[in-house]
Every structure is written in structure tokens, then in C-alpha cells.
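Engineer: Just the structure for this:
(chains A and B)
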Amino acid sequence: DAKTTQPNSMESNEEEPVHLPCNHSTISGTDYIHWYRQLPSQGPEYVIHGLTSNVNNRMASLAIAEDRKSSTLILHRATLRDAAVYYCILRAYGGSQGNLIFGKGTKLSVKP
Amino acid sequence: DAGITQSPRYKITETGRQVTLMCHQTWSHSYMFWYRQDLGHGLRLIYYSAAADITDKGEVPDGYVVSRSKTENFPLTLESATRSQTSVYFCASSEAGGTGELFFGEGSRLTVL
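Structural biologist: Now for the predicted structure:
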């Protein structure tokens, strides 16, 4: 079973911020939180990852709850090109780091 | 060219035939993965490999065989294809460690008649 829980779908308006939630209540201390997105008819692509502190890059921001049981991917200004399926996964530092379970992700629709 | 490539991109075969999907990466990443994607199921892990000659089962390994004799290649074989194996297959690679970013191929669309 997936170690993370995400809403099946979300909608946003263009140029507005989007907050995509992810619950991972069974996260362990050595699990990194990764986000990927999959555009239509393409393979998934990496977006961002973090361990404990909030992270920013050119694509998005990642806000991690203090207890690490949830996280939020933030797209600061959604564009039509951000319409995709977003996946939140956990990757362990140690032994089971190859057992990467993606689940169904959140399908983000962006309205003009 | 550097990157991860899958072949063939499209394949149509018949029930009972053997099919091999190839995956090649040029980064010398230690980890490689095979996923399948079906409508309504998202991405499901079939097999993964931590290094040459080391492979492990994922969520849905039945009906598939993998090998990894060289670091850069990770072929996926359907020894006797079934209609339920009609799917889009994605290969990925990454460095080891919790921070390792996965790089995905473009996918191989397999249809089993």
C-alpha cells in the first residue's frame, strides 16, 4: 500500500497559488519527501524533495509540517502548463530506498 | 546522448508471446526501476534494482522477469504475455540515497491482443 495519501483531484485558476496536500502519517525519521509530476502523455518528472525544513526551487516550494506527518507542495502562480498529476512519495535513506510506491497522485486542473 | 531511453516505444503482441522491454541509462545510476501505468491505478512498481545483479520485487511482479547484468541496462521480460499486461511501462533510474531524484524514460506502450 502507498505510504502517502493525496486527494484524487484539485482545481485551480490560472495565476493563483495552488497548495497540494500530502499525508504521510507513518513516515520514519530517515524518509525523504519527494514530489513528482506527470504531464499528459509523458513520464513523471522530479519537482522537489525535503527532509525536515521547507524547501524552495524554481518550480515550487515544499512546506513540511513540524511533525513531518504531512507536507504541501506549493505552486506560487499556476499556469496552464502546470496541469498534471502530482505524486508525493517517501524515499528512505537506508535499506528500503528502492521500494518507491507512487500511488494515484492528485490530478490538478488549471482553469484559464 | 545522455539520459534514459526505453525501447521499443510501441509494441503490439499476442497472448502467450515473450516480450522484452529495454531500458538503458548513461549516468551509471545504481538504482533502476520498472513501473506500469494503467487508467485508474496510477504508477505501480514492478521490480527495482539497487545495483548490477541485485533485483527486488515491487508491488506487482507476477508475470514479469528482470535482469541486470550491466549497471546501465535493466530489461523487463514478459515471458508469456497476457491481455492484463497491456499497459504503459516506465523505466526510471536514480542515485542511491534518500535524496536521489528519479529520472524517467518516455515510456513503452504495450498492447497484448
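Engineer: Quick check: closest non-adjacent residue to A:Leu51.
Structural biologist: A:Tyr32 (5.4 Å; CB to CB, 6 or more residues apart in numbering or on different chains). The way it works is simple: take the backbone N, C-alpha and C, and place the C-beta from them, glycine included.
Engineer: wait, A:Ser109
Structural biologist: Closest to A:Ser109 by CB to CB, 6+ apart is A:Glu11, at 4.9 Å.
Engineer: Whatever helix or strand that neighbour lives in packs against which elements?
Structural biologist: Using DSSP states H and E, A:Glu11 maps to strand A:9-13. In terms of contacts (3 or more CB pairs under 8 Å, 6 or more residues apart in numbering or on different chains; DSSP states H and E), strand A:9-13 is packed against strand A:18-23, strand A:106-111.
Engineer: I would like the residues contacting it, please.
Structural biologist: A:Val18, A:Leu20, A:Leu75, A:Ala78, A:Asp82, A:Thr106, A:Lys107, A:Leu108, A:Ser109, A:Val110, A:Lys111 (CB atoms under 8 Å, 6 or more residues apart in numbering or on different chains).
Engineer: ranges for the strands of chain B?
Structural biologist: Using DSSP state E, the strands of chain B run over B:4-7, B:10-13, B:19-25, B:31-38, B:42-51, B:54-57, B:65-66, B:76-78, B:87-94, B:103-104, B:108-112.
Engineer: Same check on chain A?
Structural biologist: Using DSSP E, strands in chain A cover A:9-13, A:18-23, A:31-38, A:45-50, A:55-56, A:61-64, A:70-75, A:84-92, A:106-111.
Engineer: Could you spell out the sheet neighbours of the shortest one, each with its direction?
Structural biologist: The partner list of strand A:55-56 in its sheet, established with DSSP bridges, is strand A:61-64 (antiparallel).
Engineer: picking that back up, any chance of the strands of chain A in JSON lines, plus distance to B:Thr86?
Structural biologist: Below are those laid out as JSON lines (distance: least, CB to CB, whole Å):
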{"stretch": "strand A:9-13", "distance to B:Thr86": "25"}
{"stretch": "strand A:18-23", "distance to B:Thr86": "30"}
{"stretch": "strand A:31-38", "distance to B:Thr86": "19"}
{"stretch": "strand A:45-50", "distance to B:Thr86": "25"}
{"stretch": "strand A:55-56", "distance to B:Thr86": "38"}
{"stretch": "strand A:61-64", "distance to B:Thr86": "36"}
{"stretch": "strand A:70-75", "distance to B:Thr86": "32"}
{"stretch": "strand A:84-92", "distance to B:Thr86": "20"}
{"stretch": "strand A:106-111", "distance to B:Thr86": "22"}
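Engineer: can you pull the contacts of the spatially most central residue of chain B?
Structural biologist: With distances taken as CA atoms, centre = their mean, B:Trp34 lies nearest the centre of chain B, 3.0 Å away. The contact partners of B:Trp34, taken as CB under 8 Å, 6+ apart, are B:21, B:23, B:45-48, B:58, B:64, B:66, B:74, B:76, B:89-91.
Engineer: can you pull the pLDDT of the residue nearest to A:Ser109?
Structural biologist: In this model, A:Glu11 is scored at 97, pLDDT.
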